[in-house]
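S.K.: Model the following, please.
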Amino acid sequence: MSKEEVEVAISALEASVRTIDFWVLIFSIGVAVSLAAEVILGVAHWQKETQLRPLRAEQARLHAIEIADLGKIAEEAKRTAETERLARVQLEERLAPRRLSPDQQATVTVALKPFAGKTVRFDSYGLDAEAAVLGPQLQKALAEANINIDSGLMTRASGGSIALGVYVIGKDQDLVRALIIAFLAAKIATSPDDPSPGGFVSFGNSMAATTPDAMVFVGVKPIVP
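M.R.: Numbering: from 1, shown residues only. The predicted structure is shown next:
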């Protein structure tokens, strides 16, 4: 190679080296900036996380309080609904017509079997449709105990006051007591008092000539306030 060619080659290589050094410097600066940025951003992230921790804790506390309050509201609503349901059931029970279930009729029948052959008179007010349903159920329970039934249901009118509940009176006190106990066991409000001290006005079916051993008056369903 001539001297000129050597110098040209050297110049070219030196220019390449300078270019490489320039880009190495640029990349070094970029790396330094990147590292600095990473450090700065890392510190900023740590600072923000430090600020967030108490806020997140407060958020969790407020959320827990909110959940507890919602739980109390739900529990109160549940108690209110249950109270209303019980009140509704009690009202329905007070207003529901008196009826004997098959089990209650069977209980009355079994209790009165020792009085087979006795005669019981049944009476009720003429316009009391509810007693006109309960009365036959009571009569059926007694008839199945082989007790003779003298039915005068819906043949009475009030002579003054209105009798509430079922009344049992009669000459056979053992039978009277047994009837009262059996009816009470069937959850039928029953009293041993005279249902109408002032007397009744009768129409339709008259009482049999022979005085019955006991008399059952099915009065109006008592409404408990």
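S.K.: Confirm V216 sits in a helix?
M.R.: No. Using DSSP: H, G, I helix; E, B strand; the rest coil, the assignment for V216 is strand, not a helix.
S.K.: Bridged to it, which residues?
M.R.: F122, V168 (DSSP bridges).
S.K.: Wait, it touches T119, no?
M.R.: No. Applying Cβ atoms under 8 Å as the test, V216 and T119 come out as separate, 11.3 Å apart. (Each C-beta comes from the backbone N, C-alpha and C, glycine too.)
S.K.: These two - which one has more neighbours?
M.R.: The neighbour count for V216 versus T119, taken as other Cβ atoms under 10 Å, is higher for V216 (27 against 20).
S.K.: Just list the residues touching that one, thanks.
M.R.: For V216, the contact set (Cβ atoms under 8 Å, 6 or more residues apart in numbering) comprises 120-123, 138, 166-168, 179.
S.K.: What about the residues you listed, which one has the most neighbours?
M.R.: That'd be L179 among the contacts of V216, by other Cβ under 10 Å, with 30 neighbours.
S.K.: Name the helix or strand for that residue, please.
M.R.: For L179, the host element (DSSP states H and E) is helix 173-185.
S.K.: remind me, longest strand of this protein?
M.R.: strand 148-158 (DSSP state E).
S.K.: relative orientation of that strand and strand 214-218 in degrees?
M.R.: 50 degrees (axes from the mean of the first three to the mean of the last three Cα atoms, to 10 degrees).
S.K.: Show me what secondary structure element comes after the helix or strand containing V8.
M.R.: Here V8 sits within helix 3-95, counting by DSSP H and E. Note on helix 3-95: by DSSP H and E, the next helix or strand toward the C-terminus is helix 102-112.
S.K.: Other residues contacting that following helix?
M.R.: 100, 137-138, 140-142, 144-145, 147, 178-179, 181-183, 185-187.
S.K.: Now the buried members of those residues.
M.R.: Among those, the ones that count as buried by 16 or more other Cβ atoms under 10 Å are 100, 137-138, 141-142, 145, 147, 178-179, 182-183, 186.
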